[in-house]
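Student: can't give you the sequence, but here's the structure:
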């Protein structure tokens, strides 16, 4: 497989015993991915703090990164799930609090779908806490489903009542 690019969203709303508060967890997770075999982190968005959606309670620290890899989406997902477990993530309940959440949002291969993963991420177009970091990294990357750029998707979301309030700097 040739090298492809991925956009990965990072989030945390629980402290970690070694890394500290959620912004530090997100920073440490980006560093862990940068040192992982078979991936090269190209850029990382600034960390922002956003209110939680659903029952997660505490605010989230959010960011995104662009990486390149020869890994298929399913193999990259395996690495992301392992990284979440290494940071202490346990499956408790959907949308609950978590030490670390890593999601593949987009990849340069277009659309991918299997029983474990859908790329582009099905909900990214409706989440400002995802579109804001993406807009700072890859504003011209096109959604393979509708051809709109990240910048255009963000502008559409901002014209409507946002699903989540604007992030504040970490």
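Tutor: Received it, and whenever you're ready, just let me know what you need. These figures come from a predicted structure and were not determined experimentally.

Student: Flag the shaky bits of the chain, pLDDT-wise.
Tutor: Flagging of the chain using pLDDT under 70 yields the residue ranges 1, 54-57, 89-97, 161-170.

Student: which stretches of it form helices?
Tutor: Using DSSP state H, the helices of the chain run over residues 22-34, 73-86, 128-137, 150-159.

Student: In a markdown table: these, plus mean neighbour count and distance to residue 42.
Tutor: C-betas here are computed from N, CA, C, even on glycine. Listed next are these as a markdown table, based on neighbours: other C-beta atoms under 10 Å; distance: least, C-beta to C-beta, whole Å:
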| stretch | mean neighbour count | distance to residue 42 |
| --- | --- | --- |
| helix 22-34 | 21 | 10 |
| helix 73-86 | 17 | 14 |
| helix 128-137 | 22 | 9 |
| helix 150-159 | 16 | 16 |
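
Student: Just send those helices back as a markdown table, with distance to residue 120 too.
Tutor: Putting the helices of the chain into a markdown table (distance: least, C-beta to C-beta, whole Å) gives the following:
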| stretch | distance to residue 120 |
| --- | --- |
| helix 22-34 | 19 |
| helix 73-86 | 11 |
| helix 128-137 | 10 |
| helix 150-159 | 10 |
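
Student: chain center to stretch 147-161: distance?
Tutor: Put simply, stretch 147-161 sits 17 Å off its chain's centre (C-alpha atoms, centre = their mean, to the nearest Å).

Student: circling back to that earlier point, can you tell me which of the helices of the chain comes nearest to residue 52?
Tutor: helix 128-137 (9.6 Å; C-beta to C-beta).

Student: Show me what stretch 67-84 is in contact with.
Tutor: 1-6, 8, 29, 32-33, 36, 38-42, 98-104, 107, 109, 112, 114, 116-117, 119 (C-beta atoms under 8 Å, 6 or more residues apart in numbering).

Student: buried subset of those?
Tutor: 4-6, 8, 29, 32-33, 36, 39, 41, 98-104, 107, 112, 117, 119 (16 or more other C-beta atoms under 10 Å).

Student: Return the distance of the residue nearest to residue 145 when sequence neighbours are not counted relative to residue 19.
Tutor: Nearest non-adjacent residue to residue 145, counting by C-beta to C-beta, 6 or more residues apart in numbering: residue 120, 6.4 Å away. From residue 120 across to residue 19, the span is 29 Å (C-beta to C-beta, to the nearest Å).

Student: Since that was my last question, I'll sign off now.
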